[in-house]
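Colleague: What follows is a predicted protein model with its sequence.
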Amino acid sequence: MTVVALTGGVAAGKSTVADVLRSLGTIVIDADVLAREALAAGSPGLSLVVARFGDDVLLPGGDLNREALGTLVFADSGARGELNAIVHPEVRRLYQEEVMRTEESHPGKVLVYDVPLLAEARDPGEFDLVVVVDASADIRRERLQRFRGLSAKQAQARLDAQASDDERRALADVVIDSSGSIEDTRSAARELFHALALAWPDQLATVPKHFPRRAL
């Protein structure tokens, strides 16, 4: 089945793009939702995480304390790698199940995989088109501080935990410039949707390489 990968660094605006695509009828599989499912209370994945990182990553009711776990792994690349080795295989399995369900229930629909860690965890060659939502590290750092209340150190740790801007851009078949306002990004996402719909499923090579188009 044809699948488009949608990726971007933290605070780039990828979720804004995904929300617009979904509102226009795109089927969007969300890797973050799959990752939460992979570490749901009582799951084998969560048991492995607790065995590695201890009971401090659990809330009193037995759910994952994501803030506590995030504090541990964002500051330690080794710990982050161990967490990824637990989570990524399970997310991949859940993703494959979702694609098969979509193929059965919504044949012919535009299908997008919203995957923040494409550069870090997946082979871009698995996908028919890679769309990168792109804003500079400086812009994204400022957004993390302004909108998410992170300190400068915390924001930088989030950026350092991901691939570089250049590494993501190198994977892109299509780039959405999200350095402007949120409405600019939404407008670009609408342009992308219409281009995908016209090209779906076997003419994706004709999709323009940059959005918004007026920026060219």
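Modeller: Cool, got the structure. Numbers count the residues shown, from 1 in each chain.

Colleague: ok, which stretches of the protein are strands?
Modeller: Using DSSP state E, the strands of the chain run over residues 4-8, 27-30, 111-114, 129-134, 174-177, 210-211.

Colleague: Reformat those strands into TSV and put distance to Gln154, mean neighbour count and mean pLDDT next to each item.
Modeller: Using the backbone N, CA and C atoms, a C-beta is placed for each residue, glycine as well. Listed next are the strands of the chain as TSV, based on distance: least, Cβ to Cβ, whole Å; neighbours: other Cβ atoms under 10 Å; pLDDT from 0 to 100:
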stretch	distance to Gln154	mean neighbour count	mean pLDDT
strand 4-8	19	27	98
strand 27-30	24	19	98
strand 111-114	24	24	98
strand 129-134	22	24	98
strand 174-177	26	21	98
strand 210-211	31	20	97
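
Colleague: Quick one: closest of the ones you listed to Lys153.
Modeller: Proximity to Lys153 (Cβ to Cβ) singles out strand 4-8 among those, at 22.4 Å.

Colleague: For the closest one, list the C-alpha coordinates in CSV.
Modeller: Below are the C-alpha coordinates for strand 4-8, written out as CSV (Å, rounded to 0.1, in the frame of the first residue of the first chain):
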residue,chain,number,x,y,z
VAL,A,4,3.7,8.9,2.8
ALA,A,5,6.0,9.6,5.7
LEU,A,6,5.5,12.9,7.5
THR,A,7,8.4,14.0,9.8
GLY,A,8,10.0,17.0,11.4
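
Colleague: got the angle between that strand and strand 129-134?
Modeller: Interaxial angle of strand 4-8 relative to strand 129-134 (axes from the mean of the first three to the mean of the last three Cα atoms, to 10 degrees): 20 degrees.

Colleague: I'd like to know which elements the longest helix seen in the chain is packed against.
Modeller: Scanning the chain for the longest helix, with DSSP state H as the assignment, gives helix 77-105. Counting contacts by 3 or more Cβ pairs under 8 Å, 6 or more residues apart in numbering; DSSP states H and E, helix 77-105 packs against strand 27-30, helix 31-38, helix 44-53, helix 66-74, strand 111-114, helix 118-121.

Colleague: Tell me the residue in the chain that is farthest from the middle.
Modeller: Pro60 (28.8 Å; Cα atoms, centre = their mean).

Colleague: Relative to Gly54, how far out is the residue sitting nearest the centre point of the chain?
Modeller: Among the residues of the chain, the one closest to the centroid is Pro116, at 2.3 Å (Cα atoms, centre = their mean). Separation of Pro116 from Gly54 (Cβ to Cβ, to the nearest Å) stands at 26 Å.

Colleague: before we move on, what about Leu72?
Modeller: Leu72 is 9 Å from Gly54, by Cβ to Cβ.

Colleague: Show me which of those two is the more surrounded one.
Modeller: Comparing Leu72 with Gly54 by neighbour count (other Cβ atoms under 10 Å), the higher total belongs to Leu72, at 16 against 11.

Colleague: The more buried one contacts Ala79, doesn't it?
Modeller: Yes. Counting by Cβ atoms under 8 Å, Leu72 does reach Ala79; the two are 5.6 Å apart.

Colleague: Pop the domain breakdown of the protein in here.
Modeller: Domain ranges of the chain: 1-26+109-216, 34-108, per automatic domain parsing.

Colleague: Let me see the contact set for Asn65.
Modeller: 56-59 (Cβ atoms under 8 Å, 6 or more residues apart in numbering).

Colleague: okay, now the nearest residue to it once chain neighbours are set aside: neighbour count?
Modeller: Distances taken as Cβ to Cβ, 6 or more residues apart in numbering put Leu59 closest to Asn65, at 4.9 Å, once the chain neighbours are dropped. Leu59 has 12 neighbouring residues, counting by other Cβ under 10 Å.
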